[in-house]
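**Student:** Just a sequence and a predicted model for now, questions to come.
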Amino acid sequence: MFLEKAKEVDGLIFDVDGVLLDAERSFPEMIRRAVERGWENFFDGCCDIPGYSPKHQQVIKRHGAFNDDNDIAWSLLSAAVARGGGPGVCLSNALPTPEMWEEELKTLAPGGDAAEWVRERFGEVVSYEKILQLCQDLYFGVPGAQGLYTLETPMVGRRWDAFGLPVGIYTGRDLKELLLGFERLGWHDFPVENAVTRDSGVLKPSPEGLRRLCDRLSCRYPLFFGDTASDQMAQAAFGRGLFVAIGDLLPEAALRYDSVEVALADLLPSFQ
């Protein structure tokens, strides 16, 4: 059935992290360090455990409301402080475990406003602006410290104009982060008007980014490649085309592949 539907595909839309770029050593590491440094620097706590784990990542990325990794760092630190932050307190006594966080997230709708939920759930206990600056310093780098973005590696081996179909990007990155991603991919000349980023105010799981890109690319039935629940929800709300899950976060997805290249070879062999 999917191979028949794939014959209608007239455009390709990609998420970035976990799809085009392996960002496992950048954004999750950024979140971990931001929580730990925030705990130590702002609340005089001690860090005896990591501030973010792969299990936290799995729980959050399968939820759908946290498409901005800065929000993840801020929300976890807010929860930890609300549970008992203070001078000398160990992070292990305050940071929600992945299991606890999964229960917390049941009070947040998958397409809900994460920032509003954090404020209602935990109060204004942590400055968002301070955590945002900390995350940006970690990701982009500061004098004497290399940015974590340099650890990202390509997951595709071709240029954006070598797929045989129009290409768009729908990402939770802002434009500055996306341009660094293009640097890693070697896509320096990608037309940025064919990308919907966080700066636009359109955030997954909204389908609006897919609508805009289909209009710009003049396509009706796209393949949308993503790796998280927010990607899958955006495609479902859009209602056209096919969603292709990359990686192992969404094992229940009807179409799931280890990489974009493998997916294209299976679904669109005529374009290889």
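**Tutor:** Structure received.
**Student:** And the helices in the stretch 1-150 of the chain?
**Tutor:** With DSSP state H, counting those that start in this stretch applied, the stretch 1-150 of the chain shows helices at 2-6, 27-43, 54-61, 69-82, 98-105, 114-122, 128-140, listed in chain order.
**Student:** closest to Gln235 out of the ones you listed?
**Tutor:** helix 2-6 (13.1 Å; CB to CB). Any C-beta I mention is one placed from the backbone N, CA and C, and that applies to glycine too.
**Student:** tell me the contacts of the residue nearest the centre of the chain?
**Tutor:** With distances taken as CA atoms, centre = their mean, Asn67 lies nearest the centre of the chain, 4.9 Å away. The contact partners of Asn67, taken as CB atoms under 8 Å, 6 or more residues apart in numbering, are 172, 203-205, 228, 230.
**Student:** again with His188
**Tutor:** Contact partners of His188, counting by CB under 8 Å, 6+ apart, are Phe182.
**Student:** got it, and Cys135?
**Tutor:** Residues in contact with Cys135, defined by CB under 8 Å, 6+ apart, are 30-31, 34, 69-70, 73.
**Student:** cutoff 10 Å now
**Tutor:** By CB atoms under 10 Å, 6 or more residues apart in numbering, the contact set of Cys135 is 27, 30-31, 33-34, 37-38, 68-74, 148.
**Student:** Model confidence for it, exactly?
**Tutor:** pLDDT, Cys135: 97.
**Student:** any idea how far it is from Gly38?
**Tutor:** For Cys135, the distance to Gly38 equals 10 Å [CB to CB, to the nearest Å].
**Student:** next one: Ala229
**Tutor:** Distance from Ala229 to Gly38, by CB to CB: 26 Å.
**Student:** more neighbours, the two?
**Tutor:** Counted by other CB atoms under 10 Å, Ala229 and Gly38 do not tie: Gly38 has more neighbours, with 27 against 24.
**Student:** Find the nearest non-adjacent residue to the more buried one, please.
**Tutor:** Leu77 (4.8 Å; CB to CB, 6 or more residues apart in numbering).
**Student:** go on, Gly112?
**Tutor:** In space, and not counting its chain neighbours, Gly112 is closest to Ala65: 5.1 Å by CB to CB, 6+ apart.
**Student:** Can you work out which residues contact both of Cys135 and Gly38?
**Tutor:** 73-74.
**Student:** so how far does stretch 166-185 reach from one end to the other?
**Tutor:** 17 Å (CA to CA, to the nearest Å).
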